[in-house]
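**Student:** Sequence and computational prediction follow.
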Amino acid sequence: MRPDFAPLPPRFLRTKEAAEFLSLSARTLEKHRTYGTGPAYRKLGGRVVYGVNDLEAWAARGAVTSTSDPRGSVHPARSQALPACRNAAATLVDRDSRMAARHRSSSLRGQLYLFRALSGNFAARDIQDLMAKPFFSLSKSPRVTPIDFSDNKSSILVEAAPVHGMANMWDADLLIWVTSQIVEARDAGLRTSRRITTTPYQILKFIGRGTSSRDYQRLKAALNRLQSTTISIAIRQPLKGGSHRFSWINEWKELADRNGRPQGIEIILHDWLYRAALDDRSVLTIDRAYFDLTGGLERWLYRIVRKHGGKQRGGWRFDFRHLHQKSGSLSPFKRFAFELRDIIRRQPLPGYTLTEVKVGRQVLLAFKPSAPCDSGPKQGVMHEARNEILSL
């Protein structure tokens, strides 16, 4: 006779495994979780897990016997409309929510010291965490496809509002301006705040843009993207596995006098960004020639090189495929590699020389600080048997 065995506890699956169990994509299951239309799940510390029994029960809700039957109670992964009987109540709730949001905004503004932007042509500073991770779209074309990146140290999910699109590498110039302002004021012994008032002219001149009415409209579009793009991140959290969701800018508004004449703009940064700018260990000075770079990929590459290479004479090397993954690019790898080689050919990065290195079948991008006497671009392909590769 077979011995009796105690029943095994229910098995739990991570998001990817649960999606495969349901024959869905992981992204679709995440959307179900966002909109509350998916199976029950559990949070164990910072991890999301699904019970097999819960997955089976949710899938069973969609069971039908013919095409004429209703589709069951499994809804698409999107926001669901309220029943007609609740429309009036929902309208009141929405109105109250908007009023509460305005009240919170007004209350927050009143609590924050108003920092007036400094004038002058001072050093440009960037935050290292923003330089090392794929937080921004590499293209000026509107992007709504999320950036989902993770490594052994952190995980990042960047999502865009369809009406504005994702914040891109050129929008990030505004965050460089903000960081530069905060660091400059702090070093001068001035009081700083994440509530900042300035003029569009001050920002546009610092980041090397024009000052026409069209440039002002582009600046406002950039502010909208920075406010509407949401980031879920697990960096700088006190507990391992912790996560935080925010936008680069909490809010912004145009200022005007009683007669309606423009008086500038006011920006309230998210606290995470403000604290990172105040941390001396988190900030690096960048070359002002960065603002002259015209391509999204070369802008992103400069920030990676500046962050990881710094002033080290020997430079560093990156694997082409790892760079492709780390960039968040929507381009296929072959196209991405072609664009990297074009950057190597043109040598546009200020202060650095790039070369392509082949180690067996592996292709690497090598860079090192340019010598002061360099008068022109250097390029080439090197073949070496042994190399040290930077693992990002």
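**Tutor:** That came through fine. Given the structure is predicted, the values throughout are model-derived calculations rather than measurements.
**Student:** how distant is stretch 209-222 from the center of its chain?
**Tutor:** 22 Å (Cα atoms, centre = their mean, to the nearest Å).
**Student:** In it, which residues are buried?
**Tutor:** Buried residues in stretch 209-222, counted by 16 or more other Cβ atoms under 10 Å: Arg209, Tyr216, Arg218, Leu219, Ala222. (Each C-beta comes from the backbone N, C-alpha and C, glycine too.)
**Student:** From Ile203, how far out is Phe291?
**Tutor:** As for Phe291, its distance to Ile203 is 12 Å (criterion: Cβ to Cβ, to the nearest Å).
**Student:** Comparing those two, which residue is more hemmed in?
**Tutor:** With neighbours defined as other Cβ atoms under 10 Å, Phe291 and Ile203 compare such that Ile203 has more, 24 against 18.
**Student:** That one reaches Leu174, doesn't it?
**Tutor:** Yes - applying Cβ atoms under 8 Å, one finds Ile203 in contact with Leu174, separated by 6.4 Å.
**Student:** what sits in contact with each of these two?
**Tutor:** Leu219 (Cβ atoms under 8 Å, 6 or more residues apart in numbering).
**Student:** And the helices in the stretch 251-392 of the chain?
**Tutor:** Applying DSSP state H, counting those that start in this stretch to the stretch 251-392 of the chain gives helices spanning 271-278, 296-309, 320-327, 333-346.
**Student:** Now render those as a markdown table, adding mean pLDDT.
**Tutor:** Listed next are those as a markdown table, based on pLDDT from 0 to 100:
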| stretch | mean pLDDT |
| --- | --- |
| helix 271-278 | 93 |
| helix 296-309 | 92 |
| helix 320-327 | 94 |
| helix 333-346 | 96 |
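**Student:** if we compare those helices, which one ends up closest to Arg261?
**Tutor:** helix 271-278 (29.7 Å; Cβ to Cβ).
**Student:** Show me what counts as buried in that closest one.
**Tutor:** Trp272, Leu273, Tyr274, Ala276, Ala277.
**Student:** Can you tell me which of the residues you listed comes closest to Lys140?
**Tutor:** Distances from Lys140 to those, taken by Cβ to Cβ, are shortest for Leu273, at 22.4 Å.
**Student:** check contacts around that closest one.
**Tutor:** Contacts of Leu273 by Cβ under 8 Å, 6+ apart are Ile127, Leu175, Val178, Arg194, Trp248.
**Student:** For Glu266, name its beta-bridge partners.
**Tutor:** Thr197, Lys253 (DSSP bridges).
**Student:** Check it and give its pLDDT.
**Tutor:** You'll see Glu266 listed with a pLDDT of 97.
**Student:** Touching, it and Ser193? I think so.
**Tutor:** No - applying Cβ under 8 Å as the test, Glu266 and Ser193 come out as separate, 11.0 Å apart.
**Student:** Can you pull the residues that touch both of those two?
**Tutor:** Contacts common to Glu266 and Ser193, judged by Cβ under 8 Å, 6+ apart, are Leu114.
**Student:** can you pull out the helices in the stretch 1-150 of the chain?
**Tutor:** Under DSSP H, counting those that start in this stretch, the stretch 1-150 of the chain gives helices at 15-22, 26-35, 52-60, 87-111, 128-132.
**Student:** tell me the average confidence for stretch 57-76?
**Tutor:** 69.
**Student:** residues in contact with the residue nearest the centre of the chain?
**Tutor:** What sits nearest the mean C-alpha location of the chain, by Cα atoms, centre = their mean, is Phe135, with 2.4 Å. Neighbouring residues of Phe135 by Cβ under 8 Å, 6+ apart: Ile147, Ile156, Val158, Ala167, Ala172, Ile231.
**Student:** what's the neighbour count on the second one?
**Tutor:** Other residues within reach of Ile156 by the criterion other Cβ under 10 Å amount to 21.
**Student:** now swap in the fifth one and tell me
**Tutor:** The burial metric for Ala172, expressed as a neighbour count using other Cβ under 10 Å, is 25.
**Student:** And the fourth one, by the same measure?
**Tutor:** The tally of other residues near Ala167 (other Cβ under 10 Å) stands at 28.
**Student:** The third one too?
**Tutor:** Residue neighbour count, defined by other Cβ under 10 Å, stands at 23 for Val158.
**Student:** So it sits against Thr229, correct?
**Tutor:** Yes - under the contact definition of Cβ under 8 Å, Val158 touches Thr229, with a separation of 6.5 Å.
**Student:** pLDDT below threshold where in the stretch 51-200 of the chain?
**Tutor:** 64-75, 77-109 (pLDDT under 70).
**Student:** tell me the strands in it, going along the chain?
**Tutor:** 114-116, 124-127, 147-150, 155-159, 195-198 (DSSP state E, counting those that start in this stretch).
**Student:** The last one packs against which elements?
**Tutor:** The contact analysis (3 or more Cβ pairs under 8 Å, 6 or more residues apart in numbering; DSSP states H and E) places strand 195-198 against strand 114-116, helix 172-187, strand 262-269.
**Student:** Give me the buried positions along it.
**Tutor:** So strand 195-198, judged by 16+ other Cβ under 10 Å, has buried residues Arg195, Ile196, Thr198.
**Student:** got a list of what the last one touches?
**Tutor:** Going by Cβ under 8 Å, 6+ apart, Thr198 touches Arg116, Ala117, Gln181, Gly264, Ile265, Ile267.
**Student:** check contacts around Met166.
**Tutor:** Applying Cβ under 8 Å, 6+ apart, the residues contacting Met166 are Phe136, Ser137, Pro142, Arg143, Val144, Ile147, Val158, Glu159, Ala160, Arg225, Thr229.
**Student:** what's the answer for Arg245, then?
**Tutor:** Contacts of Arg245 (Cβ under 8 Å, 6+ apart): Thr230, Ile231, Ser232, Ile233.
**Student:** For the second one, what is the enclosing helix or strand?
**Tutor:** Which is Ile231. Assigned by DSSP states H and E, Ile231 falls within strand 230-233.
**Student:** what's the average pLDDT for that strand?
**Tutor:** 91.
**Student:** Thanks a lot, catch you later.
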